[in-house]
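Student: Here is my input; please provide its structure:
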Amino acid sequence: MWRRQPLGQISLMDTRASYFIIPARVLSKTNGGFLKTGLTNIHKTMKLSGFLILAFNISAQLNSLSSEQDPAEPVTGKRVFTMPPSHSSAIPRTWVDEKSLRATIEELVSCGTRNSISSWDDPKRGIGCGRDKILARFNAIAKASGGRLQVVVDKFQATSERTSGKPAPMENVYAIFPGSDPKLAKTAIVVSGHFDSIPSNPMDAQTDAPGADDDASGTAVSIECAQLLALAGGTYRATLVFATVSGEEQGLLGGTRLLEYLRQNGYTVGAMLDNDIVGADFAPGAPHRVRVFSGGGPDGIDSPSRELARAVEGIDGQSAIRLIFRHDRLGRGGDHQPFVDAGLPAVRFTEPLENYRHEHQTPRTENGVEFGDQIKFLNFTFLGNVARANAEVLREFALAPAPPEGVTISGAVTPDAKIAWAAPDDPERAGFEILWRETTGPRWSVFNFVKKAGEEVLEGVSTDNHFLAVRSVGKNGARSIAVAAELRRRR
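Tutor: Here you go, the predicted model:
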């Protein structure tokens with residue numbers, strides 16, 4: 001615990017606690033002067049029995065105090081360089097149409113069930129009804145875009161335990177906004193939600209399964225992103241893919257097929273944002289931040305998914321994004337999984353705290369407790385925030401230059417780290433940011449900005465104390481995903 005001591009004898013010997021108690025009258029007399037000791041970021045105060053309890057978010061301050069006791073890297077001190085500005089003209093939150101999000105979900109729920117093994121032919125009930133609702137939405141946006149948005153129905157067959165081990169017909173629906181840059185048009189920036197649903201028994205194709213949150217909400221996000229970006233005017237360097245997939249509840253069948261489709265059509269995946277269960281925010285104080293899940297990688301080399309997650313937070317801000325450094329919720333999965341398994345940058349967006357009475361449950365009431373995934377449990381302010389966060393990430397990546405290639409680090413057993421990388425010519429690229437972070441730090445900081453690819457010597461920077469990465473920066477300020485440096489192997 002923090003120790004309660006007379007003013008002037010405040011101790012930081014035990015840094016594990018989050019609270020320090022000091023008499024309120026002492027604080028009043030000093031006019032809060034003890035805050036000048038360097039403790040910042042007061043979160044809340046309250047008076048209790050004549051004492052003022054101050055709750056601090058102290059981690060950053062303590063890290064700073066600790067780092068002051070480490071050798072300076074680099075020894076030369078503060079670096080001076082000019083960085084390009086961040087990309088401007090962010091999507092206003094007011095552009096997100098919460099009524100449209102609600103209407104999309106209402107239309108999908110009206111299909112009764114959207115179990116992927118239900119009817120694909122019944123226009124009023126079943127998974128085919130859901131497909132038709134999505135097609136109508138995408139086709140309307142395509143028409144408003146002047147035909148620039150291209151709508152595709154991707155039919156396929158898939159087999160899993162939840163299709164009784166037999167091939168079952170499946171369909172995905174994509175809306176594709178082609179990129180304008182010949183060098184980047186085959187890079188796909190993807191957002192996806194699954195439109196299938198299940199009741200308590202996943203093999204029951206007849207019982208109602210509204211699936212408002214899981215995952216009509218993610219489907220609505222994908223459609224809203226198409227509305228926001230396809231109708232915003234202008235062009236994008238890379239191709240935007242707004243996907244809605246089936247078969248997720250049968251074993252990620254639609255997500256697997258989505259990756260196959262992209263590969264078969266010659267696309268490289270630049271980023272994949274999976275939105276699954278993003279419509280509710282049950283905890284008091286809503287709306288809260290959306291969680292973004294990403295898996296890690298081998299020692300010193302974070303996965304492309306982790307770098308994508310960091311970029312999402314960098315674009316949308318820590319006030320909007322809660323990074324969760326694990327691949328997915330414990331023992332569970334989503335349509336980003338096939339992309340992650342392929343070594344591609346893919347993350348999952350999910351609401352802050354799930355309520356399992358309203359997921360994968362046949363609608364019913366038991367002992368006064370209501371079960372079922374119904375619209376009335378959704379929070380459309382939160383869902384609108386999620387849609388805006390996705391759209392902004394899609395937009396920045398679609399405008400950014402390609403990430404650097406072959407990023408390596410060398411300089412072991414020397415006083416200087418050396419980082420090298422390559423990149424194709426790009427007249428729209430301003431240069432590259434060299435990034436670094438403590439091995440225990442979750443976020444990158446910019447070490448330097450350089451205009452050309454090649455090798456840079458980081459004088460006085462140990463190869464052991466920091467991780468390094470490089471990202472491309474466009475003249476428009478849009479940044480690519482960072483690429484972590486790997487050990488340069490001798491040939």
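Student: And whichever strand or helix holds residue 381, what does it pack against?
Tutor: Here residue 381, judged by DSSP states H and E, is contained in helix 380-399. The helices and strands touching helix 380-399, judged by 3 or more CB pairs under 8 Å, 6 or more residues apart in numbering; DSSP states H and E, are helix 98-109, strand 187-194, helix 217-230, strand 239-245, strand 268-275, strand 290-293, helix 304-316, strand 346-350. C-betas here are computed from N, CA, C, even on glycine.
Student: Would you list the strands that whichever helix or strand comes after that helix pairs with, along with their directions?
Tutor: Counting by DSSP H and E, the next helix or strand C-terminal to helix 380-399 is strand 405-410. Paired with strand 405-410 in the same sheet, following DSSP bridges, are strand 417-422 (antiparallel), strand 486-487 (parallel).
Student: Where does pLDDT dip in the stretch 201-350 of the chain?
Tutor: The stretch 201-350 of the chain contains residues with pLDDT under 70 at 300.
Student: cutoff 80 now
Tutor: 298-301 (pLDDT under 80).
Student: Which parts of the stretch 101-250 of the chain are helices?
Tutor: For the stretch 101-250 of the chain, applying DSSP state H, counting those that start in this stretch gives helices covering 127-144, 217-230.
Student: re earlier: alpha carbons of the helix holding residue 381, in CSV - could you do that?
Tutor: Below are the C-alpha coordinates for helix 380-399, written out as CSV (Å, rounded to 0.1, in the frame of the first residue of the first chain):
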residue,chain,number,x,y,z
PHE,A,380,-26.8,2.2,-31.1
THR,A,381,-24.6,5.0,-29.8
PHE,A,382,-21.9,2.4,-29.1
LEU,A,383,-22.5,0.6,-32.4
GLY,A,384,-22.2,3.9,-34.2
ASN,A,385,-18.9,4.5,-32.5
VAL,A,386,-17.7,1.1,-33.7
ALA,A,387,-18.8,1.8,-37.3
ARG,A,388,-17.0,5.1,-37.3
ALA,A,389,-13.8,3.5,-35.8
ASN,A,390,-13.8,0.9,-38.6
ALA,A,391,-14.4,3.3,-41.4
GLU,A,392,-11.6,5.6,-40.3
VAL,A,393,-9.1,2.7,-40.2
LEU,A,394,-10.3,1.4,-43.6
ARG,A,395,-9.9,4.9,-45.1
GLU,A,396,-6.4,5.6,-43.8
PHE,A,397,-5.1,2.2,-44.9
ALA,A,398,-6.7,2.6,-48.4
LEU,A,399,-5.0,5.9,-48.8
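Student: Tell me how many other residues crowd residue 84.
Tutor: Other residues within reach of residue 84, judged by other CB atoms under 10 Å, total 17.
Student: thought it was touching residue 471?
Tutor: No - using CB atoms under 8 Å as the test, residue 84 is too far from residue 471 to be in contact (11.6 Å).
Student: what residues are up against residue 388?
Tutor: Going by CB atoms under 8 Å, 6 or more residues apart in numbering, residue 388 touches 91, 93, 95-96, 228.
Student: any idea how far residue 470 is from it?
Tutor: Distance of residue 388 to residue 470, given as CB to CB, to the nearest Å: 29 Å.
Student: Over to residue 432?
Tutor: In terms of CB to CB, residue 432 sits 5 Å off from residue 470.
Student: now the stretch 51-200 of the chain, which segments are flagged as low pLDDT?
Tutor: For the stretch 51-200 of the chain (pLDDT under 80), the answer is 51-68, 75-89.
Student: how about a cut-off of 50?
Tutor: Across the stretch 51-200 of the chain, residues meeting the criterion (pLDDT under 50) sit at 51-60.
Student: Spell out the residue ranges of the strands in it.
Tutor: Secondary structure of the stretch 51-200 of the chain (DSSP state E, counting those that start in this stretch): strands at 51-56, 150-158, 168-177, 187-194.
Student: Could you list every helix and strand in contact with the third one?
Tutor: It stands for strand 168-177. So strand 168-177, by 3+ CB pairs under 8 Å, 6+ apart, packs with helix 127-144, strand 150-158, helix 217-230, strand 239-245, helix 253-264.
Student: If we use 6 Å, what do you get?
Tutor: The helices and strands touching strand 168-177, judged by 3 or more CB pairs under 6 Å, 6 or more residues apart in numbering; DSSP states H and E, are helix 127-144, strand 150-158, strand 239-245, helix 253-264.
Student: Looking at those, which one is packed in the most?
Tutor: Stretch with highest mean neighbour count among the helices and strands packed on strand 168-177: strand 239-245 (a mean of 28; mean count of other CB atoms under 10 Å).
Student: Could you list the domains of the chain?
Tutor: 19-67, 93-399, 405-487 (automatic domain parsing).
Student: Surely residue 251 and residue 160 touch.
Tutor: Yes - shown here, residue 251 and residue 160 form a contact pair, counting by CB atoms under 6 Å, at 3.8 Å.
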